[in-house]
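Visitor: next come a sequence and a model predicted from it.
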Amino acid sequence: MTGTPSSTARAAVLSADDIARLLPHRYPFFLLDRVTALEPGTSAEAIKNVTASDGVLAGHFPGRMLYPGVLLVECVAQLAAVVYGSAAAQSATGDLVADVADRVGYLAEIRQAKFLKPVLPGDQVVFRVESGPRLGGLISVTGQASVGSEPVMTARLAVTELHGS
């Protein structure tokens, strides 16, 4: 994925409803708003709009609303699950959003996470993930989060392949 078009101009490749068909997550842990680019099994880009009404902001850092870093990492893990869930759905049915939420992948390891700048209410966070090598049942994933042109977080994760629940 190249280039950095304005995040507000990015059209949805997958809507929130589509994402819900691929992931088992539900409120309050359904975090991604839309997927704007997707290569099943390889890479993806997604948007998360951070608002003052997000319940986690008020209690995470009293006196200053900050989006929790751990949830930035979770967004990367969820986007990785979309990458692999869409590949599984496509191979099973030919459809990117066939219901595969009963097949679950898990965050297995956070290898590195660096938090570069705080994420605040009103920010639109763009997440990007790229698949790395597989080792046994684990898949290496590199992810990053940006607000505008500024990186706010980078992470290397390992996720499990999808398994029936």
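Guide: Yep, that arrived. Numbers count the residues shown, from 1 in each chain.

Visitor: hmm, Ala108 and Ile156 touching each other?
Guide: Wrong residue type there; residue 156 is Arg, not Ile. No - under the contact definition of C-beta atoms under 8 Å, Arg156 does not touch Ala108, with a separation of 11.9 Å. Quick note: C-beta positions are derived from backbone N, CA and C, even for glycine.

Visitor: who does Ala126 bridge with?
Guide: Quick fix: residue 126 is Val, not Ala. Here Val126 sits in beta bridges with Ile47, Ser146, as judged by DSSP bridges.

Visitor: report how many residues lie close to it.
Guide: By other C-beta atoms under 10 Å, 23 other residues sit near Val126.

Visitor: I'd like the numbering to begin with 20 instead of 1 from here.
Guide: Will do, 20 is the new start, and the previous item becomes Val145.

Visitor: just the pLDDT for it.
Guide: In this prediction, Val145 carries a pLDDT score of 98.

Visitor: surely it and Val69 touch.
Guide: No - checked against C-beta under 8 Å, the pair Val145 and Val69 is beyond contact range at 11.7 Å.

Visitor: quick one: end-to-end length of stretch 34-53, please.
Guide: With C-alpha to C-alpha, to the nearest Å as the measure, the ends of stretch 34-53 fall 5 Å from one another.
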